[in-house]
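Q: just coords:
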């Protein structure tokens, strides 16, 4: 019997980019313009593909697809290159340290469970840190759903962390009742963290603009993340590193806050289509693989002296392969 996707689709890739990113840019540009820009020298490594050397800037990636067809499992995405060993080979070729593997709802049952088991085990055995990835803003109405997803996703797999992406700013209530929505967001993150077994960390995605957005009760919205995260992906979906509206400057307040809290972080970059990203300025899709390597290299050079910086994270595996001309 097919296993339903609901409650919550658990994709974390909701149609959020356009409205959120445009708001983010407005918020960030009004606050970042006064920040001192980081001067960057040197050049990035040339782009590479298997088995050519890859940029040392890349350290992690999101994997949203699996290799199952919908005939095998209604949660299948039918992406052949998401076969476990193919993911391992790609991660190794690009010198990654960790991989976030998307887990759908009830990921401990059906054919998807076998794929999850095999993929997480193959990555772990190859020496990578492995995280299960997912989230749904609808879980804010019932945090027990987030806990159920988490425990199913961890199951008996070799999982180092849970990469949680809830995105409450995609909800209508974000504008009509932000204080209430933030409270429910915090309660959901707390419920997941409390449910984690010893040794499994909580990794949270956080768009850079949270660090410059006031919270209803004082401070910034980024504080809610910092108080709960063991590690962060500072999502900075922009297609250039330098200038006042580039990755380095836009991420600066979030990086400073993470530093003050002692939270290790990556800087997340986008490679998906402009339609998904919310526009061409927010993705490297139309800029090409060389641009991704070059700009990620500039970020790496600028932040190399920060002991909490854990490299650039790429969103996401399938789109990155497409950018490289791989099927």
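A: That came through, no problem. Every value quoted in this text rests on a predicted model; they were computed, and no experiment measured them.
Q: Break down the chain into its strands, ranges please.
A: Secondary structure of the chain (DSSP state E): strands at 58-63, 98-102, 129-134, 161-164, 201-207, 231-235, 265-270, 309-315.
Q: now those strands as a markdown table including mean pLDDT?
A: Formatted as a markdown table, the strands of the chain follow (pLDDT from 0 to 100):
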| stretch | mean pLDDT |
| --- | --- |
| strand 58-63 | 98 |
| strand 98-102 | 98 |
| strand 129-134 | 98 |
| strand 161-164 | 98 |
| strand 201-207 | 98 |
| strand 231-235 | 98 |
| strand 265-270 | 98 |
| strand 309-315 | 98 |
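Q: Redo those strands as a markdown table? Include distance to residue 283.
A: Glycine gets a C-beta too; all of them are placed from N, C-alpha and C. Shown next, in a markdown table, are those (distance: least, Cβ to Cβ, whole Å):
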| stretch | distance to residue 283 |
| --- | --- |
| strand 58-63 | 14 |
| strand 98-102 | 18 |
| strand 129-134 | 19 |
| strand 161-164 | 20 |
| strand 201-207 | 14 |
| strand 231-235 | 12 |
| strand 265-270 | 4 |
| strand 309-315 | 9 |
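Q: Any chance of a markdown table for those, columns mean neighbour count and distance to residue 279?
A: Formatted as a markdown table, the strands of the chain follow (neighbours: other Cβ atoms under 10 Å; distance: least, Cβ to Cβ, whole Å):
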| stretch | mean neighbour count | distance to residue 279 |
| --- | --- | --- |
| strand 58-63 | 24 | 20 |
| strand 98-102 | 26 | 24 |
| strand 129-134 | 24 | 24 |
| strand 161-164 | 26 | 25 |
| strand 201-207 | 24 | 15 |
| strand 231-235 | 25 | 15 |
| strand 265-270 | 26 | 10 |
| strand 309-315 | 23 | 15 |
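Q: Output the below-cut-off pLDDT ranges for this protein.
A: Low-confidence segments of the chain (pLDDT under 70): 1-54.
Q: Output the contacting helices and strands for the longest helix anywhere in it.
A: Taking DSSP state H as the criterion, the chain has its longest helix at helix 178-195. Applying 3 or more Cβ pairs under 8 Å, 6 or more residues apart in numbering; DSSP states H and E, one finds that helix 178-195 contacts helix 143-154, strand 161-164, helix 173-176, strand 201-207, helix 222-226.
Q: any chance of the ones you listed in TSV, with distance to residue 298 too?
A: Below are the helices and strands packed on helix 178-195 laid out as TSV (distance: least, Cβ to Cβ, whole Å):
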stretch	distance to residue 298
helix 143-154	35
strand 161-164	25
helix 173-176	33
strand 201-207	20
helix 222-226	24
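Q: Ok, which of the ones you listed comes nearest residue 299?
A: strand 201-207 (16.1 Å; Cβ to Cβ).
Q: how many degrees apart are the closest one and helix 143-154 in direction?
A: Angle of strand 201-207 versus helix 143-154, following axes from the mean of the first three to the mean of the last three Cα atoms, to 10 degrees, is 120 degrees.
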